[in-house]
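Enquirer: Provide a 3D model corresponding to the input given below.
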Amino acid sequence: MRSTSSYLPFRRAAVIGAGTMGAQIAAHLANAGVEVLLLDLAAPKGQEPLALVKKRLKAVTKLKPNPFFTKAVHGRISCGTIEHDLEKIANAEWIIEAVIERLDIKRALLEQVEKHASPGSVVSTNTSGIPIHALVAGRSLGFRQHFLGTHFFNPPRYLSLLEAITHADTSPDVLDRIGWFARIHLGKDVVQANDVPYFIANRIGIYGMAGVIEQFANGTYTIEEIDTLTGPLVGRPKSGTFRTADVVGLDVMQLVCQNLYESVPADESRARFRVPEVLKNLVANGALGAKSGAGFYRKEGRKIRSLNLSSGQYEDPAPLNLGDLGWIKAAGALRHRLVALFEDEGRAGEFFRKTMLDGMAYGARRIGEITDSPARVDRGMCSGFGWKMGPFETWDAIGFARVRESMVKDGIALPEWVLDMPDDASFYINRPLRVFYPSRGEYVAEDRPTDERSLASIKLESGKDLWSNEESGLIDLGDGVALFEFRSKACTLGFNVISGLYAAIDYIENDPNLHGLVIGNEGSHFSVGANLAEMAGAVQSGEFRKIDQYIARFQSAMQRVHYARKPVVVAAHQRALGGGCELIMACPNPVAAAETYAGLVELGVGLIPAGTGSMRFAAKASQENQGYYDSNLLPGVMKYFETVAKATVSMSAEEARDLGFLPSHACVVMNSARRFHVAKHEVLRLSNQGYRPPVSSQIRVLGRPGAAALSTAVYQLHQGRFISDYDLYLAKKLAYVFTGGDLSGAQEVSESYLLDLEREVFLGLLGQPKTQERIAGLLKTNRPIRN
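Expert: Next comes the predicted model:
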């Protein structure tokens with residue numbers, strides 16, 4: 001087999017069908033740097049032919065969350081019509097069909113595609129459930145060899161699953177090339193599925209959703225109760241079942257259920273896919289979900305009401321009748337919560353057992369049909385539906401034997417291979433990770449990419465923990481590279497974590513066998529910044545000296561990261577806010593997952609960035625203005641000042657680069673699972689070329705005249721009532737720091753001078769009642785307040 005590293009990335013692609021999915025797929029290809037031709041039907045006569053496709057593309061640019069990394073990406077998409085521009089697909093290396101889910105329409109289109117596609121170009125379909133072999137029946141052998149299914153999940157930018165479905169004639173090389181490109185350049189978790197109706201994730205997911213709707217139709221649980229029991233409590237998205245259904249569209253869900261029912265006559269549980277009456281009635285009445293304004297939920301002004309099945313009306317939610325869920329939440333980690341729910345004797349436990357046992361058993365019954373691997377089912381549900389644990393991982397977490405015993409007791413049908421497994425069995429075995437394959441009757445190592453290893457798997461190996469404490473540790477990544485992992489709550493950067501970071505840098509600098517350090521973690525977010533609860537407690541106790549020492553220590557740690565004598569590479573992902581963002585900014589050579597949302601948001605809690613963030617932006621503006629007059633410095637300072645004053649958070653790593661949180665040379669990794677691998681090799685690259693740390697330089701600041709200019713800009717926002725009186729006060733304090741404090745004019749200052757200024761202003765603000773109100777409000781509601 002050809003090495004995947006020898007493949008070249010696609011440069012040009014065509015997407016045929018500019019509906020919600022087609023246009024979003026085009027957007028994500030453009031995110032990856034691909035030039036995309038987006039085709040759809042020509043507009044009706046009398047209109048400009050491209051009007052329809054342009055309208056659909058424009059609609060996608062307004063979606064929340066945004067399918068594009070930055071506005072600049074829009075320019076990589078050109079539009080055309082199927083009627084007049086289909087011959088242009090001859091320039092495309094990958095052609096994706098994404099038109100309506102009808103076999104006849106897709107087959108007719110693919111017949112035309114074959115006439116215009118260049119020999120050797122890859123052609124795929126984004127069908128969510130039509131068998132792939134049926135789509136290419138009658139096409140030439142050459143076309144069939146380069147054809148496969150590539151099922152993206154909505155929204156394609158944010159859900160990482162890509163189901164790759166081959167048919168009898170698909171070339172293995174084509175599958176490998178698409179799998180490599182999708183994984184490396186689109187950030188996808190590529191799961192190969194069998195060519196059966198609705199493949200893996202939709203087959204399992206729709207079965208589960210239909211079962212939950214059945215529970216609602218029985219009248220035993222309310223919508224809110226079900227969404228509570230199918231949300232974060234059990235490791236599922238916060239939208240639960242019914243909010244998810246409303247977002248997907250109830251008409252879409254009805255169509256999928258109809259198609260599934262018709263497509264799987266041999267499925268012993270086929271009856272589950274009959275469209276529930278409640279779903280039929282809602283669709284018939286035009287209640288299609290979020291797009292129509294009403295579905296299972298209806299938003300009325302600021303209130304969200306839910307459907308009461310008895311009255312047929314939308315009503316305010318009734319109190320949950322699920323008993324005390326506090327003890328279940330207090331169980332801690334997901335696997336412990338799952339066990340607690342399984343053992344719960346109240347209504348919550350009853351619902352959990354009924355729906356979970358049914359779903360896990362159905363997944364087991366589909367092994368051999370949709371895939372041979374339970375691990376692929378788990379990956380499909382986690383990457384495609386946003387679950388934290390798939391059905392077989394959940395089964396293992398609760399306990400194989402006790403789950404099977406409950407299923408047998410409840411009369412739930414199980415395949416023979418499950419009944420034959422011993423009581424002490426599990427689907428997964430660690431050290432090394434292997435999964436049970438029923439078709440082989442043995443545990444097999446999953447063929448997973450070596451560049452996607454998790455920290456959890458690395459730590460299973462002996463000798464990998466170099467040192468650790470309650471909130472952080474140093475891990476041996478191999479090849480002379482260590483990783484500093486901080487694992488505090490929400491990955492906050494409290495005193496213990498900062499002390500651990502100091503120790504980690506000391507360790508790698510003093511160990512001749514280590515080349516450098518990676519900083520990262522596998523939390524839901526990289527870091528939400530300083531430990532505000534810790535700080536609020538110190539304020540209440542009047543321990544301002546302790547806070548001063550902490551801030552000074554934090555600043556010093558960031559400077560250690562910046563000026564370390566061996567390469568230090570931060571590997572960021574998801575939210576990197578406040579101090580987390582400052583840690584990225586302190587790193588000379590950071591690596592960031594494409595989905596990194598960075599921002600200095602301190603003004604939202606009545607403070608300013610004081611962990612080197614303000615100094616770093618002042619220095620950046622100064623460096624960018626070297627060799628120019630002081631008058632040219634103001635626009636750069638203004639740009640970064642406004643970014644902080646507005647608490648702007650990037651919506652991608654690429655936007656973080658544009659905003660200045662990441663340097664222009666920062667490495668952005670499309671597949672977040674690869675970030676530690678890439679960061680490790682960045683350390684080795686820097687070390688091998690002979691690493692020299694940055695050299696400290698003076699920072700040109702503008703003094704009081706510059707502060708006045710910045711304050712004037714903010715004052716206009718205040719006059720327009722866009723910001724409060726206290727926001728204006730905070731912005732003036734920020735301007736004071738950005739421009740060097742009480743200086744009569746422009747001059748050069750040292751980094752330490754600005755750091756002292758940062759800390760002085762920060763401590764002063766911390767004593768302000770309105771700042772304390774903001775901190776208390778955020779800690780209480782998890783939302784910033786404006787006062």
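Enquirer: shaky segments in this protein?
Expert: Applying pLDDT under 70 to the chain flags the ranges 1-5, 431-432, 462.
Enquirer: Break it down into its domains, please.
Expert: If you go by automatic domain parsing, the domain ranges for the chain are 4-193, 197-319, 322-448, 456-766.
Enquirer: what is A592 paired to in the beta sheet?
Expert: A572, V668 (DSSP bridges).
Enquirer: Tell me the spacing between it and E461.
Expert: A592 sits 27 Å away from E461, going by C-beta to C-beta, to the nearest Å. Placement of C-beta: from N, CA and C, glycine included.
Enquirer: now the strands: where do they sit in the stretch 551-700 of the chain?
Expert: Using DSSP state E, counting those that start in this stretch, the strands found in the stretch 551-700 of the chain span residues 568-577, 591-599, 667-669, 699-701.
Enquirer: how about the ones you listed in JSON lines, adding distance to S457?
Expert: Shown next, in JSON lines, are these (distance: least, C-beta to C-beta, whole Å):
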{"stretch": "strand 568-577", "distance to S457": "16"}
{"stretch": "strand 591-599", "distance to S457": "18"}
{"stretch": "strand 667-669", "distance to S457": "18"}
{"stretch": "strand 699-701", "distance to S457": "44"}
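Enquirer: So which of the ones you listed is nearest S310?
Expert: Minimum separation from S310 across the strands of the stretch 551-700 of the chain (C-beta to C-beta) falls at strand 568-577, 41.6 Å.
Enquirer: returning to that earlier point: in terms of neighbours, single out the busier of A592 and E461.
Expert: Neighbour tally, A592 and E461, criterion other C-beta atoms under 10 Å: the higher count belongs to A592, 31 against 13.
Enquirer: which residues does the more buried one contact?
Expert: Shown in contact with A592 (C-beta atoms under 8 Å, 6 or more residues apart in numbering): 571-573, 576, 584, 598, 653, 656, 662, 666-669, 675.
Enquirer: okay, now the closest residue to G399 other than its chain neighbours: neighbour count?
Expert: The shortest distance from G399 to any residue other than its chain neighbours is 7.7 Å, reached at V339 (C-beta to C-beta, 6 or more residues apart in numbering). V339: 17 surrounding residues under other C-beta under 10 Å.
Enquirer: on that earlier part again, which one, of the strands of the stretch 551-700 of the chain, ends up nearest to P49?
Expert: Across those, P49 has its closest neighbour in strand 591-599 (34.4 Å, C-beta to C-beta).
Enquirer: Show me how far that closest one is from its chain's centre.
Expert: Counting by C-alpha atoms, centre = their mean, to the nearest Å, strand 591-599 is centred 10 Å from the centre of its parent chain.
Enquirer: and that strand with strand 568-577, angle?
Expert: Orientation of strand 591-599 against strand 568-577 (axes from the mean of the first three to the mean of the last three C-alpha atoms, to 10 degrees) gives an angle of 30 degrees.
Enquirer: Pull out the buried positions in strand 591-599.
Expert: 591-599 (16 or more other C-beta atoms under 10 Å).
Enquirer: what sits against the residue lying closest to V435 once chain neighbours are set aside?
Expert: Leaving aside its chain neighbours, V435 sits nearest to A375 (4.3 Å; criterion: C-beta to C-beta, 6+ apart). Neighbouring residues of A375 by C-beta under 8 Å, 6+ apart: 392, 427-428, 435, 446.
Enquirer: Tell me how far A375 lies from E393.
Expert: 9 Å.
Enquirer: thinking V749 is in contact with I699, fair?
Expert: Yes. With contact defined as C-beta atoms under 8 Å, V749 reaches I699; the gap is 5.6 Å.
Enquirer: intersection of neighbour lists for those two?
Expert: Common neighbours of V749 and I699 (C-beta under 8 Å, 6+ apart) are G740.
Enquirer: Let me know how buried the residue lying closest to V570 once chain neighbours are set aside is, in neighbour terms.
Expert: Nearest non-adjacent residue to V570, counting by C-beta to C-beta, 6+ apart: C587, 4.1 Å away. By other C-beta under 10 Å, 24 other residues sit near C587.
Enquirer: Next one: C587 from R616, what distance?
Expert: Separation of C587 from R616 (C-beta to C-beta): 11 Å.
Enquirer: mind listing the helices in the stretch 51-200 of the chain by residue range?
Expert: Secondary structure of the stretch 51-200 of the chain (DSSP state H, counting those that start in this stretch): helices at 51-61, 82-85, 103-116, 132-135, 141-145, 172-185.
Enquirer: So which residues make contact with the second one?
Expert: Outside of helix 82-85, the residues that reach it under the criterion C-beta under 8 Å, 6+ apart are 16, 37, 39-42, 49, 109, 112.
Enquirer: next one: the third one
Expert: Helix 103-116 has contacts (C-beta under 8 Å, 6+ apart) with 16, 82, 86-87, 89-90, 95, 97, 99-100, 123, 125, 127, 130, 134-140, 143, 147.
Enquirer: Mind giving me the packing neighbours of the helix or strand where L763 lies?
Expert: Element membership for L763 (DSSP states H and E) is helix 751-766. Under the contact definition 3 or more C-beta pairs under 8 Å, 6 or more residues apart in numbering; DSSP states H and E, helix 751-766 sits against helix 544-563, helix 613-624, strand 699-701, helix 725-738.
Enquirer: And it, what's buried?
Expert: Neighbour-count burial for helix 751-766 flags 751, 753-755, 757-763, 765-766 (criterion: 16+ other C-beta under 10 Å).
Enquirer: and what of stretch 662-669?
Expert: 662, 666-669.
Enquirer: same deal with stretch 389-402?
Expert: Buried residues in stretch 389-402, counted by 16+ other C-beta under 10 Å: 389-398, 400.
Enquirer: again, but for stretch 509-522
Expert: 509, 514-522.
Enquirer: Likewise for stretch 763-781?
Expert: 763, 765-766, 768, 770-772, 774-778.
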